[in-house]
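Trainee: Let me see the structure of the following:
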Amino acid sequence: MSSVSSASSLAIDGLVSGLKTTDLINSLMSVEGVPQTLLKNKLTSTNSFISSLQTINSLVQTLATKAAAAGKATSLDVFTATSSSAAVTAVTGANATAGSITFSVGSTASAQVGVTAATSAWSASAEPLTLVGSDGKQTTVTPASGSLDDTVSAINKAGAGITATKVAAGTDTDGTKLYRLQLTSAKTGAAGAFQVYRGTGAEVTAGSATNVLTETGAAVVTQAKDASVTLWAGTAAEQVVTSATNTFTDLVPGLTVTVTKPTTESVTVGVAQDTTKAQAVASGLVDAMNAVTAYYGSNTAVTSTTSPTNGTTTTTAGVLSGDGTTRDVVQRLTSTMSAPVGGKSPSSIGIVITKDGDFTFDADVFQKALATDPQGTQAMLSGVAANVGAAATAASDKYDGSITTSITGRQAVAKDLTTQIDSWTDRLTARRASLQTLYSSLETSLSKLQSQSSWLASQLASTSS
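Mentor: Next comes the predicted model:
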């Protein structure tokens with residue numbers, strides 16, 4: 001209607017007749033625009049309904065996801081790790097099992113750090129350097145010049161796993177500033193050990209190159225070293241396990257251990273079922289179910305409001321009220337959540353349906369069931385989750401879910417209504433223009449009649465005189 005209203009601003013009230021033609025046209029257009037107004041109101045309610053369908057569909061999809069996780073045969077097999085020493089931390093993974101392991105930390109991993117002798121320049125001219133890794137691999141680089149900066153740049157760009165840094169080292173007797181090159185392996189562990197030689201790879205192989213880390217004033221500050229832990233120390237089964245980093249991922253399946261310093265005493269890392277996390281799996285399923293029923297309840301409720309001015313009471317039904325699709329979905333979900341599994345009620349593990357159709361979760365009942373019959377508790381939860389998950393998926397599947405199909409159908413209706421509204425806009429715009437032309441023609445005709453009347457009057461007056 002915006003285009004219709006804007007057209008009215010171009011109309012000019014009758015200059016000859018004195019009629020308020022703009023008001024007349026607006027009144028006529030108000031009547032003729034009733035069908036479009038009804039279409040707009042219907043589009044608004046349709047879009048509101050679509051929005052509610054999309055919201056409850058999203059909640060059902062969340063329920064399906066929760067049910068899929070809870071329905072796994074190992075959904076309650078969630079574990080947590082503890083350590084007897086602050087020097088060792090441990091976290092559990094997907095394959096963790098209950099148990100414990102004891103070991104001592106022999107060393108932590110370190111990267112090799114070496115420094116060259118103090119100097120003001122690396123060489124008189126650009127000379128080749130050969131970087132040799134612990135595996136014997138050689139990388140020869142030639143700096144752009146003999147300066148320390150060019151030497152640092154050449155080493156860092158070589159991609160040999162060694163980084164170089166120019167570090168201040170005081171001044172010479174004549175006041176010249178001195179520097180050392182600090183050379184550091186990019187990775188920790190024994191495999192990160194390296195040597196740096198002045199000369200080409202052939203000279204290194206021939207033994208004629210100079211090792212810059214053994215020159216006078218040079219030193220290896222930190223040796224490349226693996227982290228190590230010792231299992232079953234002092235027994236015939238004693239076993240040392242090493243790692244290039246301070247993290248061990250293969251001591252026990254599903255357990256990652258990180259060491260921060262050597263220990264003089266044995267460290268015990270224990271893995272046990274985390275009953276709190278296990279409970280969250282079951283309670284999360286109940287919470288997701290209640291989110292669906294709560295939204296459905298609030299959007300099907302009937303509310304009444306009374307006008308403070310005239311006392312008139314207006315009753316409004318929720319947007320989903322009367323919708324058979326969502327009603328059937330909620331009923332099916334509720335019945336599957338409360339249905340027995342293996343002849344037992346879900347209430348045996350704390351999932352209880354209320355008289356209002358919602359569910360409560362009794363943590364004490366669940367924990368007792370988990371402690372006395374862990375396998376039975378798992379079977380019950382998996383069964384309930386499987387039933388609920390199947391119903392939730394049937395409703396919210398992105399291709400053929402019942403709610404999804406309903407949304408698609410309503411969106412088609414909204415699209416058709418929009419097309420009709422646009423068509424009415426064009427029709428009303430043309431109608432307004434037609435009325436404006438009509439009234440303009442009437443003003444022109446009236447003006448001609450008035451002119452003729454004035455001429456006749458003057459002629460009669462002339463004849464009379």
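Trainee: now the strands for the stretch 351-465 of the chain?
Mentor: Under the criterion DSSP state E, counting those that start in this stretch, the stretch 351-465 of the chain carries strands at the ranges 351-353, 359-361.
Trainee: For those strands, state which one has the densest average packing.
Mentor: strand 351-353 (a mean of 19; mean count of other Cβ atoms under 10 Å). No exception for glycine: its C-beta is placed from N, CA and C like everyone else's.
Trainee: Pairing partners for that one, with directions?
Mentor: strand 359-361 (antiparallel) (DSSP bridges).
Trainee: Name the surrounding residues that touch the strand it pairs with.
Mentor: 282-283, 286-287, 289-290, 293, 337-338, 350-354 (Cβ atoms under 8 Å, 6 or more residues apart in numbering).
Trainee: Which of those residues fall in helices?
Mentor: Per DSSP state H, helices hold the following members of the contacts of strand 359-361: A282, S283, V286, D287, M289, N290, T293, M337, S338.
Trainee: Of those residues, which is the most crowded?
Mentor: Of all those, M289 has the most neighbours under the rule other Cβ atoms under 10 Å, reaching 30 neighbours.
Trainee: Find me the pLDDT at that one, would you?
Mentor: Per-residue confidence for M289 comes out at a pLDDT of 97.
Trainee: so it makes contact with T336?
Mentor: No. Using Cβ atoms under 8 Å, M289 is not in contact with T336, being 9.6 Å away.
Trainee: Mind listing the shared neighbours of those two?
Mentor: With Cβ under 8 Å, 6+ apart, M289 and T336 have common neighbours V388.
Trainee: and the contacts of strand 359-361 as a markdown table, adding distance to K415?
Mentor: Listed next are these as a markdown table, based on distance: Cβ to Cβ, whole Å:
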| residue | distance to K415 |
| --- | --- |
| A282 | 43 |
| S283 | 42 |
| V286 | 39 |
| D287 | 36 |
| M289 | 34 |
| N290 | 34 |
| T293 | 31 |
| M337 | 36 |
| S338 | 40 |
| G350 | 47 |
| I351 | 42 |
| V352 | 45 |
| I353 | 40 |
| T354 | 41 |
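Trainee: any low-confidence regions in the stretch 1-150 of the chain?
Mentor: Residues of the stretch 1-150 of the chain meeting the criterion pLDDT under 70: 1-19.
Trainee: What segments of it are helices?
Mentor: 2-8, 21-32, 34-70, 148-156 (DSSP state H, counting those that start in this stretch).
Trainee: Now do the third one: which elements does it pack against?
Mentor: Yep, that's helix 34-70 we're talking about. helix 275-298, helix 324-338, helix 374-396, helix 402-464 (3 or more Cβ pairs under 8 Å, 6 or more residues apart in numbering; DSSP states H and E).
Trainee: okay, those helices, which one's buried deepest?
Mentor: helix 374-396 (a mean of 21).
Trainee: helices or strands next to that one in the packing?
Mentor: helix 34-70, helix 275-298, helix 324-338, helix 363-372, helix 402-464.
Trainee: Could you check the angle that helix makes with helix 402-464?
Mentor: Using axes from the mean of the first three to the mean of the last three Cα atoms, to 10 degrees, the inter-axis angle of helix 374-396 relative to helix 402-464 is 30 degrees.
Trainee: Please write out the alpha-carbon positions of helix 374-396 in PDB.
Mentor: Extracted in PDB, the C-alpha atoms of helix 374-396 (Å, rounded to 0.1, in the frame of the first residue of the first chain):
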ATOM      1  CA  PRO A 374      25.700 -50.000  35.500                       C
ATOM      2  CA  GLN A 375      25.000 -52.300  32.600                       C
ATOM      3  CA  GLY A 376      21.300 -52.200  33.200                       C
ATOM      4  CA  THR A 377      21.300 -48.400  33.600                       C
ATOM      5  CA  GLN A 378      23.200 -48.100  30.300                       C
ATOM      6  CA  ALA A 379      20.700 -50.400  28.500                       C
ATOM      7  CA  MET A 380      17.700 -48.500  29.800                       C
ATOM      8  CA  LEU A 381      19.100 -45.100  28.800                       C
ATOM      9  CA  SER A 382      20.200 -46.400  25.400                       C
ATOM     10  CA  GLY A 383      16.800 -47.900  24.800                       C
ATOM     11  CA  VAL A 384      14.900 -44.700  25.800                       C
ATOM     12  CA  ALA A 385      17.200 -42.500  23.700                       C
ATOM     13  CA  ALA A 386      16.900 -44.800  20.700                       C
ATOM     14  CA  ASN A 387      13.100 -44.600  20.800                       C
ATOM     15  CA  VAL A 388      13.100 -40.800  21.300                       C
ATOM     16  CA  GLY A 389      15.700 -40.300  18.700                       C
ATOM     17  CA  ALA A 390      13.800 -42.200  16.100                       C
ATOM     18  CA  ALA A 391      10.600 -40.100  16.700                       C
ATOM     19  CA  ALA A 392      12.600 -36.900  16.800                       C
ATOM     20  CA  THR A 393      14.400 -37.700  13.600                       C
ATOM     21  CA  ALA A 394      11.100 -38.600  11.800                       C
ATOM     22  CA  ALA A 395       9.700 -35.200  12.800                       C
ATOM     23  CA  SER A 396      12.700 -33.000  12.100                       C
END
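Trainee: what mean pLDDT would you report for that helix?
Mentor: 97.
Trainee: tell me the angle of that helix relative to helix 324-338?
Mentor: Using the same axes, to 10 degrees, helix 374-396 lies at 170 degrees relative to helix 324-338.
Trainee: Might you quantify the distance of helix 374-396 from its chain's geometric centre?
Mentor: Computed by Cα atoms, centre = their mean, to the nearest Å, the separation of helix 374-396 from the middle of its chain amounts to 26 Å.
Trainee: Then stretch 145-164?
Mentor: Using Cα atoms, centre = their mean, the offset of stretch 145-164 from its chain centre is 41 Å.
Trainee: how about it: buried residues?
Mentor: 145, 147-148, 150-152, 154-155, 158, 160-162, 164 (16 or more other Cβ atoms under 10 Å).
Trainee: do stretch 238-258 as well
Mentor: V241, S243, A244, N246, F248, L251, V252, G254, L255, T256, V257, T258.
Trainee: Quick check: end-to-end length of it?
Mentor: 20 Å (Cα to Cα, to the nearest Å).
Trainee: just stretch 342-359 next, same as before
Mentor: End to end - Cα to Cα - stretch 342-359 spans 20 Å.
Trainee: Domain ranges for this protein, per the record?
Mentor: If you go by automatic domain parsing, the domain ranges for the chain are 1-78+274-304+312-447, 79-108+227-273, 113-222.
Trainee: Look up how far S228 lies from the residue nearest to A94 when sequence neighbours are not counted.
Mentor: In space, and not counting its chain neighbours, A94 is closest to G254: 6.3 Å by Cβ to Cβ, 6 or more residues apart in numbering. Computed as Cβ to Cβ, to the nearest Å, the G254 to S228 distance reads 22 Å.
Trainee: before we move on, what about S208?
Mentor: For S208 relative to S228 (Cβ to Cβ), the value is 37 Å.
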